[in-house]
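**Student:** Curious how this folds, go ahead:
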Amino acid sequence: MPTLGFDIDAQRVDELIRGHDRTREVEPEELAAAAELEMTADPASLAGCNVFMVTVPTPIDGHRRPDLGPLLAASRTVGRALNDGDVVIFESTV
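**Tutor:** Take a look at the predicted model:
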């Protein structure tokens, strides 16, 4: 199914488009085979989406309190693209 991958880091998006995942979670062959995957760093591209999976880091400090800054920033970005009936899924390691 058509899928849009969005990241605020344009350099990372360019790397993924070229088939390189710096996190080494996805092999170049997998990226090349994802025919219906489009990637962008342009938040305006989110306007056509209706399901959003937000996966951002939530690091913890020395007192084990999560830093929600990345989650809040991602929520604002997604919130600008939301329409009635859209679905937002938040995924976190914390």
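**Student:** Skip the chain neighbours and tell me the closest residue to residue 40.
**Tutor:** Sequence neighbours aside, residue 6 is the residue nearest to residue 40 in space, at 5.8 Å (criterion: C-beta to C-beta, 6 or more residues apart in numbering). (Each C-beta comes from the backbone N, C-alpha and C, glycine too.)
**Student:** How about the contacts made by that neighbour?
**Tutor:** Shown in contact with residue 6 (C-beta atoms under 8 Å, 6 or more residues apart in numbering): 39-41, 43, 45-46.
**Student:** Would you tell me what the next helix or strand after the helix ranked longest in the chain is?
**Tutor:** As assigned by DSSP state H, the longest helix anywhere in the chain is helix 69-79. Next along the chain after helix 69-79, taking DSSP states H and E as the criterion, comes strand 87-91.
**Student:** List the neighbouring strands of that following strand plus their orientation.
**Tutor:** Strand 87-91 pairs in its sheet with strand 51-55 (parallel), by DSSP bridges.
**Student:** so for the partner strand, what's the average pLDDT?
**Tutor:** Summarised as a single mean, pLDDT over strand 51-55 is 96.
**Student:** which SS state does residue 14 fall under?
**Tutor:** helix (DSSP: H, G, I helix; E, B strand; the rest coil).
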